[in-house]
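S.K.: my questions are about this predicted structure, shown below with the sequence.
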Amino acid sequence: MSWVTKTLSSTLGKKLLMALTGLFLILFLVVHLIGNLQLLLPDNGESFNLYAESMATNPLIKVVSIGNFAFIILHVIYSILLTRHNKKSRPIGYAETAASTNSAWSSRNMGILGTLILIFLLVHLKGFYYEIKFGEVPMVDYAGIMYKNVFAIVAAAYSNVFYVVFYVISMGFLGFHLSHGFASAFQTLGLNHVKYSPLIQKVGIGFSILIPALFALIPIVMYIQSV
């Protein structure tokens with residue numbers, strides 16, 4: 001067994017992979033949010049449709065998308081492995097008497113939060129990625145060129161109050177997940193320092209509030225516009 005295999009199969013290696021994939025997914029959230037905010041521009045979806053077309057046809061973006069799916073799968077797998085390892089190694093008495101005082105609620109329930117977010121991702125991918133890739137998508141003409149009217153698919157979904165509520169609640173789960181995961185990733189990678197850790201924690205809290213809130217704002221605004 002090579003040192004790479006030994007490292008990746010160790011608890012430390014699993015934590016490192018969790019941290020690296022987590023930081024990549026955090027970066028993806030920022031990029032994804034910037035693109036999605038174009039849904040709110042007052043141009044009947046033109047900017048978002050052009051953006052969606054460029055994302056679907058750019059070879060580099062396609063490679064990054066495949067990598068993103070791979071990182072999500074790795075993140076889920078290693079989170080399960082680490083959760084099982086922690087449960088086996090933690091004394092029951094300690095877990096019952098000291099966990100609530102020694103750690104935040106989000107850190108003790110990362111597995112539950114991650115599972116809820118995974119359910120959201122599956123629903124989200126089925127409703128958007130799958131439908132846009134394989135479903136019947138209306139076309140729209142911009143300067144004589146036909147584009148998929150992805151905006152119409154999104155607008156139809158966000159006109160459903162139940163989906164909007166589901167989306168907003170899921171962003172709440174994401175916020176709690178990020179509130180622990182952001183600072184934890186830096187700590188695992190050894191990037192914490194007595195001088196910088198408080199700043200990292202504050203940035204993490206701000207990030208875990210701002211990003212999910214902006215994501216949640218999009219379906220709320222679009223639903224209000226549809227009624």
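M.R.: Great, that's in hand.

S.K.: so the residue in the chain sticking out farthest from the centre versus Q38, what's the distance?
M.R.: Here the centre of the chain is the reference, and by CA atoms, centre = their mean the most remote residue is G144, at 36.0 Å. Computed with CB to CB, to the nearest Å, the distance linking G144 and Q38 is 22 Å. For glycine as for every other residue, the C-beta is placed from the backbone atoms N, C-alpha and C.

S.K.: repeat for T115
M.R.: For T115, the distance to Q38 - CB to CB - is 30 Å.

S.K.: and Y147, by the same measure?
M.R.: Distance, Y147 to Q38, using CB to CB: 14 Å.

S.K.: worst-scoring helix or strand of this protein, pLDDT-wise?
M.R.: Least confident helix or strand of the chain, by mean pLDDT, DSSP states H and E, is helix 92-102 with a mean of 51.

S.K.: so A185 makes contact with G22?
M.R.: Yes. Using CB atoms under 8 Å, A185 makes contact with G22 at a distance of 4.7 Å.

S.K.: who does the host helix or strand of I200 touch, helix- and strand-wise?
M.R.: Taking DSSP states H and E as the definition, I200 sits inside helix 197-226. Applying 3 or more CB pairs under 8 Å, 6 or more residues apart in numbering; DSSP states H and E, we find helix 197-226 packed against helix 11-36, helix 150-157, helix 161-188.

S.K.: so which of those helices comes closest to N49?
M.R.: Closest to N49 of the helices and strands packed on helix 197-226 is helix 150-157 (CB to CB; 5.3 Å).

S.K.: contacting residues around that closest one?
M.R.: 39, 44-46, 48-49, 52, 127-128, 131-132, 135, 137-138, 140, 163, 219, 222, 226 (CB atoms under 8 Å, 6 or more residues apart in numbering).

S.K.: swap in 6 Å and give it another go.
M.R.: With contacts defined as CB atoms under 6 Å, 6 or more residues apart in numbering, helix 150-157 is touched by G45, F48, N49, A52, G127, E131, I132, P138, Y163.

S.K.: and for stretch 67-83?
M.R.: K14, L17, M18, T21, F24, F28, G111, G114.

S.K.: residue contacts, the second one?
M.R.: With contacts taken as CB under 6 Å, 6+ apart, L17 has the following neighbours: Y78.

S.K.: look up how far T11 lies from it.
M.R.: Distance of L17 to T11, computed by CB to CB: 11 Å.

S.K.: run through the protein and note the low-pLDDT ranges.
M.R.: Applying pLDDT under 70 to the chain flags residues 1-10, 12, 85-109, 191-194.

S.K.: relative to helix 11-36, how tilted is the helix holding I200?
M.R.: 40 degrees (axes from the mean of the first three to the mean of the last three CA atoms, to 10 degrees).

S.K.: if you count neighbours, what's buried in helix 197-226?
M.R.: Buried residues in helix 197-226, counted by 16 or more other CB atoms under 10 Å: 200-201, 204, 207-208, 211-212, 214-216, 218-219, 222-223.

S.K.: just stretch 153-167 next, same as before
M.R.: Those would be I153, V154, A155, A157, Y158, Y163, V164, F166, Y167, for stretch 153-167 by 16+ other CB under 10 Å.
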